[in-house]
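> Fold the following.
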Amino acid sequence: MQMGRVIGSVWATRKEEGLNGLKLLIIQPIDSNQQPIRTEIVAADRIGAGIGDDVLITSGGSSRYIMKQNPLPIDAVVIGIIDSTEVMRGEDNE
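Numbers count the residues shown, from 1 in each chain. Purely as a prediction, here's the structure:
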């Protein structure tokens, strides 16, 4: 699981049948300081995230099983919208 920020959307009128009805979002992975940490990814979204939202995403094989009976051809999925984060910083981490 990792944190990311929604920075855009992807529209595809022609796609795999299993993807119909899923919103596709462009996600910028971020660290605990809310700084970008690698290149953007596209993630499926069923929970209603939008541009500017900080989200939790999971990727890899486990993301295919957001619908237990019907594995989907996806590599990343939004699994939560972040309300807030709290990070304890010590002198060594500043």
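> which stretches of this protein have low pLDDT?
The model of the chain has pLDDT under 70 over residues 67-68, 91-94.
> one more time with 90
For the chain, the stretches flagged by pLDDT under 90 are 13-22, 60-74, 87-94.
> What sits closest to residue 10 if chain neighbours are left out?
Taking Cβ to Cβ, 6 or more residues apart in numbering as the measure, residue 10 lies nearest to residue 24, with 4.0 Å between them; neighbours along the chain are not counted. Using the backbone N, CA and C atoms, a C-beta is placed for each residue, glycine as well.
> Does the one you found lie in a helix or a strand, and which?
Secondary structure here is read from DSSP states H and E; on that basis residue 24 sits in strand 23-30.
> now whichever helix or strand comes after that strand against strand 23-30, angle please.
For strand 23-30, the following helix or strand on the C-terminal side (DSSP H and E) is strand 41-45. Comparing the axes of strand 41-45 and strand 23-30 via axes from the mean of the first three to the mean of the last three Cα atoms, to 10 degrees yields an angle of 130 degrees.
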